[in-house]
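**Q** when you get a sec, could you give me coordinates for this:
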Amino acid sequence: MEQMMEFMKGLDWSPLLISLKTGVVATILSFFGGIYAARQVVKAGPKTKAVLDGILTLPMVLPPTVAGFFLLLIFSLRRPFGAALYGNFGIKVVQTWLGCILAATVIAFPLMYRNARAAFEQIDANLVYAARTLGMSEMTIFWKVVIPSAGPGILSGTILTFARAMGEYGATSMLAGNIPGKTGTISQKIAMVIQDGDYGTAGFWVLIIMIIAFVVVLVMNLIGSGGDKHKKRW
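**A** Sure, this is the predicted structure:
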């Protein structure tokens, strides 16, 4: 017990704080971006829908290191866009917490988009038609009819997005690096201490990630059971 207390006192909690902050901000960005993108894709024609869906889903099927490579090409200070961004606005992405957010958002975004799109496509069109006959604007219909009807799917996507953003490693390590107390997330901490042979610290952070993952799965199951409670069981 004393050894455990000493271990906890000497533990650096910054990876948990950085991961939580990154997950929350990336989830907020993915939430609004994913809903907007899903709405536009659902309204698009078949060919346009296929192209947009492929582009928006691409980060989910690519290795995270590939996404990190492209992000590094764009935002590196040695590249025109990254240099202009830093020179004109003082915004630096590489090896900063902003890089953590950007990498996590890009990797987690497809989960939010796919869930939101699936939820929108399952909405009864008659609800929208009825709202239009009542004189409601398209924006009002979207926020007061479409979003509540697609609520469970959007909530599921939000939870999955947060979990994916918190556990992101490949793109984050390439774009933001692993700077302790600044860009060092839990995933990067685990990889770093494993290389140093510190399996005790690695095991602790693995346990934290497993607890978070279990909570995510539990919440997802509760959402699913809530939507199925009125269905007959056989």
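**Q** from residue 172, how far out is residue 94?
**A** 12 Å (CB to CB, to the nearest Å). For every residue, glycine as well, the C-beta is placed using N, CA and C.
**Q** between those two, which has more neighbouring residues?
**A** residue 172 (31 against 21; other CB atoms under 10 Å).
**Q** using CSV, list the CA coordinates for the helix or strand where that one lies.
**A** Assigning secondary structure by DSSP states H and E places residue 172 in helix 170-175. C-alpha atoms of helix 170-175 as CSV (Å, rounded to 0.1, in the frame of the first residue of the first chain):
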residue,chain,number,x,y,z
GLY,A,170,-0.1,8.1,-34.8
ALA,A,171,-1.1,11.5,-36.3
THR,A,172,-0.6,13.2,-33.0
SER,A,173,2.9,12.0,-32.5
MET,A,174,3.9,13.1,-36.1
LEU,A,175,2.2,16.5,-35.9
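**Q** which positions in the helix or strand just after that helix come out as buried?
**A** Remark: after helix 170-175, the chain's next helix or strand is helix 186-195, criterion DSSP H and E. Buried residues in helix 186-195, counting neighbours by 16 or more other CB atoms under 10 Å, are found at 186-190, 192-193.
**Q** does anything pack onto the host helix or strand of residue 154? Which helices or strands?
**A** In the assignment (DSSP H and E), residue 154 maps to helix 151-167. Applying 3 or more CB pairs under 8 Å, 6 or more residues apart in numbering; DSSP states H and E, one finds that helix 151-167 makes contact with helix 14-43, helix 97-121, helix 186-195, helix 199-227.
**Q** out of those helices, which is the most enclosed?
**A** Of all the helices and strands packed on helix 151-167, helix 97-121 carries the top mean neighbour count, a mean of 24, counting by mean count of other CB atoms under 10 Å.
**Q** so how far is it from its chain's centroid?
**A** Its chain's C-alpha centre and that of helix 97-121 lie 5 Å apart, by CA atoms, centre = their mean, to the nearest Å.
**Q** and if you look at stretch 33-46?
**A** That offset, for stretch 33-46, works out to 18 Å (CA atoms, centre = their mean).
**Q** with stretch 121-134 instead?
**A** Stretch 121-134 has its C-alpha centroid displaced from the chain centroid by 30 Å (CA atoms, centre = their mean).
**Q** ok, residues contacting it?
**A** Stretch 121-134 has contacts (CB atoms under 8 Å, 6 or more residues apart in numbering) with 42, 140-141, 144-146, 149-150, 153.
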